[in-house]
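Novice: Please find the sequence and the predicted model below.
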Amino acid sequence: MCPVMSEFPADDGFVAYTRVEPIPMIRPRILIAATAVCGVLAGLVWHSRGPADWEQPVISLLQREPLPMARSIVLLWQPLPFAAATACLAWKALTSDRVRLAISGTVGCVVAIIVTERVLKPLVGRHHFHSGAAVFPSGHVTAAAAWAMFAWLVIDPRSRLRSVLILVPAVVGWAVISAGVHYPADAIAGLFVGGIVVYGVVIAVERMTTTLPARCHRVRAADEVYIALPADADRTAVPPQRPRTRESCR
């Protein structure tokens, strides 16, 4: 996958080409495996009530060593805080001139919650033993995973912060189990559902809205971000523009 160069006129009569960060790609086999795990978990807890036998040791371990401030962490992923955190990421994308990503990432976060609350919970029909509420997958973990995937797409690929984003839904999963509001299968499924839905929406929007031929070329160094030429100069001096294909844009 190569950087995309966008053209715009500059005040000094030059034409500038700036690099727009591409959408990071995740291998299809990873997405398929994550989807398969969700399917297996759904089958294991289909229309059940309370924890399964294989979940009991995990619950005992996590509740024996409860996460400090677990309920406060859970509350951070209620609808209003989640909406505010998502809006911050959208603003970050907008200020980086990534309008499509700002819109698609925000939509993906909303769709992830809708899929969890309106589709999967009624469909799987797993209920909490005490409260009777539908619990599979966890809406809190789905929200955290959706936000983490959106952040992973927005943050500079060279930033070390990206590598620790997986801790966000992992800690929320630990919190919901420690607080006794969800079971391990709910947390695992929420982690995968949130990430898959956001990534799927972003990639779908990116592919539908990318114009052909796209401005896509290979650059020799990672710091080649800016090229400027006089407006009346020979454009052959600019790296050649080729149609965006699997071979040229990977």
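Specialist: Here it is on my side, so go on.

Novice: residues contacting the spatially most central residue of the chain?
Specialist: Most central in the chain under CA atoms, centre = their mean is residue 149, positioned 2.1 Å from the mean C-alpha point. By CB atoms under 8 Å, 6 or more residues apart in numbering, the contact set of residue 149 is 108, 194, 195, 198, 199. Just so you know, the C-beta spots here come from the backbone N, C-alpha and C atoms, and that holds for glycine as well.

Novice: One more pass at 7 Å, please.
Specialist: Residues in contact with residue 149, defined by CB atoms under 7 Å, 6 or more residues apart in numbering, are 194, 195, 198, 199.

Novice: could I have the helix or strand that contains it exported to CSV, CA atoms only?
Specialist: Applying DSSP states H and E as the criterion places residue 149 in helix 139-154. In CSV, the C-alpha atoms belonging to helix 139-154 read as follows (Å, rounded to 0.1, in the frame of the first residue of the first chain):
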residue,chain,number,x,y,z
GLY,A,139,-22.0,-3.3,24.8
HIS,A,140,-19.4,-1.7,26.9
VAL,A,141,-16.6,-3.8,25.5
THR,A,142,-18.0,-3.3,21.9
ALA,A,143,-17.9,0.5,22.5
ALA,A,144,-14.3,0.3,23.8
ALA,A,145,-13.1,-1.9,20.9
ALA,A,146,-14.9,0.3,18.3
TRP,A,147,-13.2,3.4,19.7
ALA,A,148,-9.8,1.7,19.9
MET,A,149,-10.1,0.6,16.2
PHE,A,150,-11.1,4.1,15.2
ALA,A,151,-8.1,5.5,17.1
TRP,A,152,-5.8,2.9,15.5
LEU,A,153,-6.9,4.2,12.1
VAL,A,154,-6.6,7.9,13.0
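
Novice: one step back: what about burial for the contacts of residue 149, which qualify?
Specialist: Members of the contacts of residue 149 that pass the buried threshold by neighbour count (16 or more other CB atoms under 10 Å) are listed as 194, 195, 198, 199.

Novice: Any regions of this protein where pLDDT drops low?
Specialist: Residues of the chain that meet the criterion pLDDT under 70 lie in 1-21, 210-250.

Novice: Who's the closest spatial neighbour of residue 75, skipping the chain neighbours?
Specialist: Closest residue to residue 75 apart from its sequence neighbours, by CB to CB, 6 or more residues apart in numbering: residue 81 at 7.5 Å.

Novice: should've said residue 168
Specialist: The spatially closest residue to residue 168, leaving aside those adjacent along the chain, is residue 148, at 4.5 Å (CB to CB, 6+ apart).

Novice: give me the number of residues near the one you found?
Specialist: Close neighbours of residue 148, defined as other CB atoms under 10 Å, add up to 23.

Novice: Give me the phi and psi angles of residue 127.
Specialist: phi -120, psi 150 (degrees, to the nearest 10).

Novice: Pretty sure it sits against residue 47.
Specialist: No - using CB atoms under 7 Å, residue 127 makes no contact with residue 47, being 8.6 Å away.

Novice: These two: who's more crowded?
Specialist: Set side by side, residue 127 and residue 47 give different neighbour counts by other CB under 10 Å, the larger being at residue 127 (18 against 9).

Novice: The more buried one pairs with what?
Specialist: Beta-bridge pairing of residue 127, defined through DSSP bridges, involves residue 49, residue 134.

Novice: Could you measure from it over to residue 138?
Specialist: Residue 127 sits 13 Å away from residue 138 when distances are taken as CB to CB, to the nearest Å.
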